[in-house]
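# Turn this into a model:
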Amino acid sequence: STHRGVAAVQEAGCRALLRITSHPSVDASLHVKIGQSGAIEAVLLAMKSHLGVATVQAWACAALLMMTADNIDENAIKAIKAGGIEAVLAAMGAHPDVVDV
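Numbers count the residues shown, from 1 in each chain. The predicted structure is shown next:
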């Protein structure tokens, strides 16, 4: 079964990815492996599926930031090609008063 339609589950998944990718022991090579695992696409799917849920959008944006930061070009390119810029812009537009988005 899938939990794509459950905002709380998607939020928890994005929050977990953020915590994993922001841990000091996770270096750029592990970030690339995380990106190769489908994590970027999963975060973007959560964003699309729950555009109206600010907490999902906030955690997803933060997770995307960590997965693509520190010159991790492979992940940044993957996120862009998968619609990451559009997803972030949609989140910002849907929640203009939420600082974390």
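# CA atoms for contacts and neighbours, from now on please.
Noted.
# which stretches of this structure have low pLDDT?
1-2, 4, 71 (pLDDT under 70).
# rerun that using 80 as the cut-off
The chain contains residues with pLDDT under 80 at 1-5, 70-72.
# which residues in it form helices?
7-21, 28-36, 39-49, 54-68, 73-81, 84-94 (DSSP state H).
# Need the contact partners of the fourth one.
Here helix 54-68 makes contact (Cα atoms under 8 Å, 6 or more residues apart in numbering) with 7-8, 10-11, 14-15, 17-18, 21-22, 31-32, 34-35, 40, 43-44, 46-47, 50-51, 75-76, 79, 88, 91, 95, 98, 100-101.
# same check, this time on the third one
Helix 39-49 is touched from outside by 4-5, 7, 10-11, 14, 17, 56-57, 60, 63-64, 67, 75, 78-79, 82-84, 87, 91, with contacts defined as Cα under 8 Å, 6+ apart.
# what about burial for those, which qualify?
Listed as buried from the contacts of helix 39-49 are 7, 10-11, 14, 17, 56-57, 60, 63-64, 67, 75, 78-79, 84, 87, 91; burial here means 16 or more other Cα atoms under 10 Å.
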